[in-house]
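**Student:** Let me see the structure of the following:
(chains A, B and C)
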Amino acid sequence: MSDALAQREARSRRARSLLARRERRFAYALLAPAVLAVGGLIAWPMYLIVSISFREGRSLNFLALDRRPLGLGNYRSVLGDPATWHSVLVSVVYTLGTLVPALVIGLATALLLNRAFPLRRWLRSLMLLPWAVPGVMVSIVFLWMFDASFGVVNHLLRVLGLAQTDIAWYSTESTALFAVIVPTIWKAYPFFTLTLLAAMQSIPGHLYEAAEVDGATAPQRFANVTWPGIRGPAVLAVVLNGLWTFREFDIIFAATGGGPAKATETLGIRAYNEAFGYFYMGRAAVIGVLMLLMALLAVLLARRALRREFFA
Amino acid sequence: MWKGWWAIIACVFIAAPAAAQRSVELDFPSWQMEEPGAGEYWAEITKAFEAKNPGVHIKRQQIPFREYVDKLTVRFAGNNPPDIVHLPSRNFLAFASQGWLAPLDDVLAQTDVARTYTKMSDEMRYEGKTYGVLMMAYGMMFYYNEKLLQDAKVAVPRSSDELLKAIAATTDAKAGRFGWGAPTTEHPNLYVEVGTWVTGEGASFFKGSQYNFTDPAVVRAVDKFRAAVKNAPKGTTSEQARQLFIDGKIAMLRDGPWVNAQIRKAPEATRGALKMAMMPFAHVPGGTSNSLHMPAKLDAEKRKYVAEFIKLTTTPEWQAKYTRMTATPAPRRDVLSAAELAASPDLALVNKAAAEAVNLFPENVTLRENYNEFAKVFGESGMKLITSERPTADIMKDLQAEMTRRVPLQ
Amino acid sequence: MRTERPRLAFTAIAAAVCVVLLFPLYWMVLTAILPTSATLSREPTLLPVWSALDWSAFAAVFARKPLGTWLLNSLLVSLGATLISLVIAALAGYSLSRFRTPAQQWTGYTLLLTKMLPGSLVVIPFFIMASTFHLIDSLFALMVANAAVGVPFATWLLKGFFDGIPRELEQAAMLDGCGHLGAFLRIVVPLARPGLAACAIYLAILSWSDFVFARTLINDQSHWTITTGLVSFIGEHGIDWPALMAAGVISLAPMVVLFVLLEPFLVSGMTAGAQR
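**Tutor:** Sure thing, here's the model as predicted:
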């Protein structure tokens, strides 16, 4: 009797594991195109950049790397250069200086758009519009607006009595970084608006009603009902937007090219200058590796919050 | 009957590839393909070349200037260079030092370039061989808005001091009118601007194989630059300064001869007042602008045709056409007749300036190989000259130290 | 009615916020339609002077450059990239949603890895890869490149969306004899339309704005996209602001239309995705 039972159990276990294996294969098969597409796109470039960073010499011949001697010369040169650490600082300031205001604007607009009012649909579309503007165009428009002699920003400052002389936004050391952060915030905030609004709209209404019944004030409602509901997507949005801002190149390049006096020289701009300006590809690759490590560090720090969003 | 058809089809299949092989396509990108003057020149000369060489087609491609050198760098680094290489002279040595260009000594031996071209052609030499053919070398020109000068009751300046006075007289910042146009943002062209003043006054940034930034003559010339630039719109690139001049917002400008072609396209309202003259300096600063090259990676058949094309550009006929169509000087000396020069005062002026020009760009090979870095370091100090109140001598002393450290001369 | 007045107050606030946030776009349009004398001055006119409108910049832009071709190329690339990316991301998102495999975490990190390489350095390897497969000057290469860039976020978005669709529905279909894939295609995908629409808009905007790939992989002018075309207005010797702004307005128009028409899907699609 127990023999037949055991046999039946064994058979069903085998059947289940077969099913599980087939399911797993199916799962991997579904994932394969994505991993291939994305991996294929970044695997070889990443390998090239890392290996160039360890090669001596100034040759830009990417296809003959093994002809060059291995060495740490590029690392010594780049990591020992104070300009590198200055660029790290500029990158960090630029990224945080963009993320924080963009997050605040995104949160404020999302809170506003979370309420029902007439014309909301159109105003929502309008508020998200900067997201659809190509980065190249953003830099051009702001370059025009911040023009020292004929730009509308200086004109408005003059009209409001806040400035007497022309401010050369992009060629003065003290204002250049601010003047490139503003267009970046402009392009970045809609992403926050969108993700936070979507998250807010999925918070069940009865939680708010319950809070009101309990006598909670608006800030308390935000802290206890809204924030827990949007915290996860907010972290993911900060990470994604942060990675984008950290690598952002077109806006700064078109406006200042990294100047004046390296005031806006982020790591991305520095890497470009070393590679295409001075033909020091090895040094550029080291900066690329540095950027990669910094980004990886940031993602690892946010790992726990990300796990719930991305992998749960 | 079918056998006949098969024979015909077979013939077509055999003949077609053979015919296709006889047709050669040469890839020729440039930033000038849509430029007024230069664009027409390239169109005409490629058509003439194709007429002389049936079966060869030159595919011209326009690439915006701002992208141009980067795109070419990517192509060369990716081992996919164009067949005809057109380069701004500033970048020539960096490309040559990568081994990307082919030596042209054998090709040029079949021409008279060595005898008839301007001395600035020597810049095309690298490590004992010639790697390119100069397309244009120039002297700086002085552009002014006649009406604005007349309104300020100022005569066309003939010396640097008169120039400074004229600039101050024609500036009315509140009305949006500036006496002088210059790059006032951190940009490699800052070296060109400051270098113009220094070379124009007879001084030089280089003494033998040393930097000469702290020389009193240099400092004096730089002071004049600072005085001029105080009356220029802030935060402008060279392109913006040129555009403002064309739009009548800037009274005077120094730039290469290419602005003349832009003036021809200026709006009716301002065009009549825009004029060109010789630089009001003791010497005419100048330099090389762009050049033609052959890539090192080129198959034998294409090499033959590219060599022929390069030789075609050096002939007196096409050199004359070049200067006529682009209104910029041709590198070949005395390519226009005296009668023609008399008939076109503009052409006479630009060719005169080119003939008298003193090269304001460094001759040192190490420096030219690293020109971009040199210009960048210079640009940083240039910005300090424009925006800070520190004495010139101090800034130049810092520059001397910084440049010696970053781009040491060997 | 007491409830209407506070609601209209929100409309007013939102409108004011819009005016401030959209000022750069307004200024772009204004520079394109007013004569240079009005905008290139120390006192630029802030409001359109209806009698002095000058539309010549738009006409000039179309006459001087093949803007139509560029718009068409951008459209093709966006369409192609969106379709390719949607397919890949939908499959991957479904996998991440339904199957708990050990690969999951690593997939997530891999997908994020694309966002960590600086664009300026990656151009040369991209170029070499495209050149090896003879894909230089090919719009298809742009489609693939843009599709790959969009996959990570699209996957996350769709995964969230699929999470909101109960598994019972597919399981019922599978009991009826459907395979895994069949159940996915016939049951889940139709239900996921809002999420797919949200993804499509995101991907379309991403590929429309692309500049790095377009400038690196395309040489032939007839294959330029609108972004590379825009930059060509900044010549070696001058910047024509009205023409540039006109071109910018034209380049933005298709995106604005798409956005305004489909934006409700974007929000609802992401909302449903955020509901767990």
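**Student:** which bits of the stretch 201-350 of chain B sit near chain A?
**Tutor:** B:Pro233, B:Lys234, B:Gly235, B:Thr236, B:Lys249 (CB under 8 Å from any CB of the partner chain). For the C-beta atoms, the positions are set from N, CA and C on the backbone; glycine is no exception.
**Student:** Among those, which pair sits farthest apart?
**Tutor:** For these, the farthest-apart pair by CB to CB is B:Gly235 and B:Lys249; their separation is 14.1 Å.
**Student:** Pick out whichever of those two has more residues nearby.
**Tutor:** B:Gly235 (30 against 23; other CB atoms under 10 Å in any protein chain shown).
**Student:** Give me the nearest residue to residue 222, chain neighbours excluded.
**Tutor:** If you meant another chain, say so; for now it's chain A. Using CB to CB, 6 or more residues apart in numbering or on different chains and skipping residues adjacent in sequence, the residue nearest A:Phe222 is A:Leu111, 7.9 Å away.
**Student:** actually it's chain C I care about, not the one you picked
**Tutor:** Excluding the flanking residues, the one nearest C:Ser222 by CB to CB, 6+ apart is C:Thr69, at 6.1 Å.
**Student:** Look up which helix or strand that neighbour falls in, please.
**Tutor:** Secondary structure assigned from DSSP states H and E places C:Thr69 in helix C:67-98.
**Student:** what pLDDT, on average, does that helix get?
**Tutor:** Helix C:67-98 comes out with an average pLDDT of 91.
**Student:** can I assume the residue nearest to A:Phe222 is in contact with A:Ala199?
**Tutor:** No: here A:Leu111 does not reach A:Ala199: they are 11.7 Å apart, not a contact under CB atoms under 8 Å.
**Student:** Who has more neighbours out of the two?
**Tutor:** Between A:Leu111 and A:Ala199, counted using other CB under 10 Å, A:Ala199 has the larger neighbour count: 25 against 16.
**Student:** Briefly note if the helix or strand B:Lys59 falls within comes near chain C.
**Tutor:** Using DSSP H and E, B:Lys59 falls within strand B:56-62. Yes: for strand B:56-62 and chain C, the contact criterion (CB under 8 Å from any CB) is met by B:Gln61, B:Gln62.
**Student:** Could you list the buried residues of that strand?
**Tutor:** Buried residues in strand B:56-62, counted by 16 or more other CB atoms under 10 Å in any protein chain shown: B:Val56, B:Ile58, B:Arg60, B:Gln61, B:Gln62.
**Student:** swap in stretch C:40-56?
**Tutor:** C:Leu40, C:Arg42, C:Pro44.
**Student:** what does stretch A:151-162 give?
**Tutor:** Neighbour counts over stretch A:151-162 (16+ other CB under 10 Å) mark A:Gly151, A:Val152, A:Val153, A:Asn154, A:His155, A:Arg158 as buried.
**Student:** before we move on, what about stretch A:281-296?
**Tutor:** Quick answer for stretch A:281-296 (16+ other CB under 10 Å): A:281-292, A:294-295.
**Student:** Could I get the contacting residues of A:Thr150?
**Tutor:** Just to correct that, residue A:150 is Phe rather than Thr. B:Gly176, C:Thr39, C:Leu40, C:Ser41, C:Arg42, C:Pro44 (CB atoms under 8 Å, 6 or more residues apart in numbering or on different chains).
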